[in-house]
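Visitor: turn this into a structure:
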Amino acid sequence: MKQEFKSKSENEHIRAEEQQWAEIFAEGNAFASMLLLQVEKLCALAHEFEKLFKAGSVREGQVKSLAAGLAWRVDMALDMLPDAGEHFEAEALFRGLKAGIERLENNEKGLDALGQSVDKIHKSCHLLVDEIYGKIVG
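Guide: Purely as a prediction, here's the structure:
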C-alpha cells in the first residue's frame with residue numbers, strides 16, 4: 001500500500017524539499033535514494049558549519065578538520081554517482097567543490113574561504129537533488 005507523505009513544516013522551502021525527497025524515495029530506486037541521503041548529509045553538515053561560522057564559534061585552527069569532513073561527504077556523493085545509473089551534470093560542480101575544499105585543508109588561514117564555500121555547497125546539493133528528481137521521478 002502506497003503511503004503519501006505530507007510535510008508538517010511551516011517553511012515553504014522545507015516543505016518543497018521534503019516533498020521532493022519523498023517522491024524520490026517512493027520511486028524505489030535504491031541507488032538514487034542512497035545518493036539523495038549522502039547529498040542531504042553534506043547539505044546538513046554545511047548548514048551546521050554555517051551556523052557555527054556566523055556565530056563566531058569556529059577558529060582558524062579548526063579549518064583543516066572541518067574541510068576534511070566536508071571533503072569526505074563530497075567524496076561519498078561522488079563515489080555513488082556512477083551507481084545511480086545516470087549521468088549528472090552537477091557532478092562537475094561536486095568535483096570543483098572537492099578541489100576547492102582540498103585547497104582549504106592545506107590552508108590554515110582559510111576560515112573565511114571555508115565560510116564562503118558553504119553557499120556553493122548548498123547550491124550544488126540543490127542542483128544535484130533537482131537532477132535526481134528529474135531523472136528518477138520525471
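
Visitor: for this protein, name the helix or strand with the lowest mean pLDDT.
Guide: helix 91-105 (a mean of 84; mean pLDDT, DSSP states H and E).

Visitor: name the helices or strands packed onto that helix?
Guide: If contacts are counted by 3 or more C-beta pairs under 8 Å, 6 or more residues apart in numbering; DSSP states H and E, helix 91-105 sits against helix 63-80, helix 111-136. Quick note: C-beta positions are derived from backbone N, CA and C, even for glycine.

Visitor: buried stuff in the shortest one?
Guide: Within helix 63-80, the residues that qualify as buried by neighbour count (16 or more other C-beta atoms under 10 Å) are 63, 64, 66, 67, 70, 71, 73, 74, 76, 77, 78, 80.

Visitor: kindly export that helix (C-alpha atoms) in CSV.
Guide: Extracted in CSV, the C-alpha atoms of helix 63-80 (Å, rounded to 0.1, in the frame of the first residue of the first chain):
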residue,chain,number,x,y,z
VAL,A,63,39.7,24.7,9.3
LYS,A,64,41.6,21.6,8.3
SER,A,65,39.4,19.3,10.3
LEU,A,66,36.1,20.9,9.1
ALA,A,67,37.3,20.9,5.5
ALA,A,68,38.3,17.3,5.7
GLY,A,69,34.7,16.4,7.0
LEU,A,70,33.2,18.3,4.1
ALA,A,71,35.6,16.7,1.6
TRP,A,72,34.7,13.3,2.9
ARG,A,73,31.0,14.0,2.4
VAL,A,74,31.6,15.2,-1.1
ASP,A,75,33.6,12.1,-1.8
MET,A,76,30.7,9.9,-0.6
ALA,A,77,28.3,11.6,-3.0
LEU,A,78,30.8,11.4,-5.9
ASP,A,79,31.5,7.7,-5.2
MET,A,80,27.8,6.9,-5.5
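
Visitor: before I go, just wanted to say thanks for your time.
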